[in-house]
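Chemist: Compute the structure for the input listed below.
(one chain, ligands or ions: 1)
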Amino acid sequence: MRSFYYAFRGLANAFGSEFNMRIHVVAALLVTVAGFYFKIAAAEWGMIVLCICSVIAMELINTAIEKLCNHVTAEQHPAIKQIKDIAAAAVLVTALGSLVVALIIFLPKLILLF
Ligand SMILES: Nc1ncnc2c1ncn2[C@@H]1O[C@H](COP(=O)(O)OP(=O)(O)OP(=O)(O)O)[C@@H](O)[C@H]1O
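Modeler: Predicted coordinates:
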């Protein structure tokens, strides 16, 4: 039970301190509203939920790695740069994959509107 408390505290901490996390949440809310508006199918909801959770989970891991790096050293170091850039790339890959999924689901429905 306590580990749930610690995990939720970590979630609140990341949401409170990370600007990128707020962008992900806004994007997730917009996609959810679009999902209800277009009455997407259960399988499509499944893909959307998986994408939203993957991006937020990846951003949480990226935030944890960034904080660990900053704790290890305040100095500039090529290894820290490489580690931070690779962790950021993981978020980028997940976000781009999610964008493709959103386009596959919503683009045909959007085209039908016009
Ligand atoms: N200690 C460091 N040594 C070398 N490069 C770093 C270091 N910290 C960040 N960088 C690099 O600087 C660039 C900008 O990083 P970022 O936008 O994350 O800002 P930051 O201030 O360094 O990070 P933070 O979000 O932890 O404040 C990235 O390429 C990152 O890898």
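Chemist: only C-alpha atoms for contact and neighbour calcs from this point on.
Modeler: OK.
Chemist: Is stretch 41-60 positioned near the ligand?
Modeler: No. Using Cα under 6 Å from any ligand atom, stretch 41-60 stays clear of the ligand, coming no nearer than 11.8 Å.
Chemist: Show me what counts as buried in that stretch.
Modeler: By neighbour count with 16 or more other Cα atoms under 10 Å, stretch 41-60 contains the buried residues 44-45, 48, 51-52, 54-60.
Chemist: Ok, stretch 71-80 next?
Modeler: Here stretch 71-80 shows residue 80 as buried, counting by 16+ other Cα under 10 Å.
Chemist: How far off centre is that stretch?
Modeler: Computed by Cα atoms, centre = their mean, to the nearest Å, the chain-centroid distance of stretch 71-80 equals 25 Å.
Chemist: tell me the mean pLDDT for that stretch?
Modeler: For stretch 71-80, mean pLDDT is 96.
Chemist: Would you mind measuring the gap between the ends of it?
Modeler: 11 Å (Cα to Cα, to the nearest Å).
Chemist: Tell me the spacing between the residue most central in space within the chain and residue 24.
Modeler: Closest to where the C-alpha atoms of the chain average out (Cα atoms, centre = their mean) is residue 55, at 2.5 Å. Computed with Cα to Cα, the distance linking residue 55 and residue 24 is 7 Å.
Chemist: And residue 33, by the same measure?
Modeler: 14 Å.
Chemist: which of the two has more neighbours?
Modeler: residue 24 (17 against 12; other Cα atoms under 10 Å).
Chemist: Name the nearest residue to the more buried one, sequence neighbours excluded.
Modeler: Leaving out its chain neighbours, the residue that sits closest to residue 24 by Cα to Cα, 6 or more residues apart in numbering is residue 56, at 6.8 Å.
Chemist: Could you say which helix or strand holds the one you found?
Modeler: helix 42-72 (DSSP states H and E).
Chemist: Same check on residue 39?
Modeler: Per DSSP H and E, there is no helix or strand for residue 39.
Chemist: same question, residue 76
Modeler: Under DSSP H and E, no helix or strand contains residue 76.
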